[in-house]
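1. From the sequence below, what's the structure:
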Amino acid sequence: MHVDQYVYFALKSEHMSAAEMAARLGLEPDVVTIRGNRRLEPPHPAVHIWQVNGPRSSERPVDDMILTLVDRLEPYAKMIGAVAEELDRHEPGHTATLQVVRFFGDEEDGVAAPVVPALPSIPARHRPLGWHLDRRVLDFLQITRAELDVDEYGDNL
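-> Next up, the predicted model:
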C-alpha cells in the first residue's frame, strides 16, 4: 500500500487576518488564506488562515513529520497559545489545529512501495500504518491550545 501524507499547523479566524497573526507571532506563514477573497456572500473561504507546513512524504513516518513541524514551531508555542486564546474568547470554533492528512493507495496504481530508510530490510508496505504522539507533542498541543485533526482517504477505506 502506498501512503502519501502531510502535516500542517493552522490558526483560523473570521476577524483577525493572517497578516496580523504573523505580526503578533513574529513568524511568517507558508500559506495564507484570506476570508471571502473568492466570494463575499456567503464568504468563501469562511475564515482567514495562517498556516505553517510540515514535510510531505510517503516515506517518513507521520510521527517524524509531526516532530519536524513541532521543532519549527516550538519556539513560538507560547505566542501561538496567546493568539489562540484571544481568538477562542471572541470566536466560536476551532482556531488552532495540527492537521494530519493521509492518502492510501494501491501499489497496482503503478506506484511501487518505497523502502523505509530507518528500516531498510522492511518494505514500506509491511510497516505498521499507526503512529503516536509523544509527551513533547502533547505538551505543544496544550500550550498552543490546538486540536489534532486527522483526515485519511483512500479507495479501500
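
2. Sheet-wise, list the partners of the helix or strand hosting residue 102 with their directions.
-> Applying DSSP states H and E as the criterion places residue 102 in strand 96-105. Under the criterion DSSP bridges, strand 96-105 sits next to strand 2-13 (antiparallel), strand 147-154 (parallel) in its sheet.

3. roughly how far out does that strand sit from the chain middle?
-> 6 Å (CA atoms, centre = their mean, to the nearest Å).

4. Can you give the contact residues for it?
-> Under the criterion CB atoms under 8 Å, 6 or more residues apart in numbering, residues 1-12, 62, 66, 69, 80-81, 84, 87, 111, 129, 141, 144-157 lie in contact with strand 96-105. C-betas here are computed from N, CA, C, even on glycine.

5. Repeat the analysis, applying 6 Å as the threshold.
-> For strand 96-105, contacts defined as CB atoms under 6 Å, 6 or more residues apart in numbering pick out 1-11, 84, 144-154.

6. Could you do stretch 41-56 as well?
-> For stretch 41-56, contacts defined as CB under 6 Å, 6+ apart pick out 6-14, 17-18, 21, 29-31, 33, 35-36, 38, 65, 68-69.

7. quick check: mean pLDDT across stretch 85-104?
-> Mean pLDDT, computed over stretch 85-104, is 90.

8. Would you mark the buried spots in it?
-> Using 16 or more other CB atoms under 10 Å as the test for burial, stretch 85-104 gives 87, 95-104.

9. Pull up the distance across it, start to finish.
-> This stretch, stretch 85-104, spans 35 Å end to end (CA to CA, to the nearest Å).

10. Which residue ranges of this structure form helices?
-> With DSSP state H, the ranges of helices along the chain come out as 18-25, 62-73, 77-90, 135-143.

11. Counting by contacts, list what the third one packs against.
-> With contacts taken as 3 or more CB pairs under 6 Å, 6 or more residues apart in numbering; DSSP states H and E, helix 77-90 sits against helix 135-143.

12. if you set the cut-off to 8 Å instead, what comes out?
-> The contact analysis (3 or more CB pairs under 8 Å, 6 or more residues apart in numbering; DSSP states H and E) places helix 77-90 against strand 2-13, helix 18-25, strand 96-105, helix 135-143.

13. residues contacting residue 10?
-> Applying CB under 8 Å, 6+ apart to residue 10 gives the contacts 49-52, 96-97, 99.

14. quick one: which of these is nearest to residue 76?
-> For the contacts of residue 10, the residue nearest residue 76 by CB to CB is residue 52; the value is 9.1 Å.
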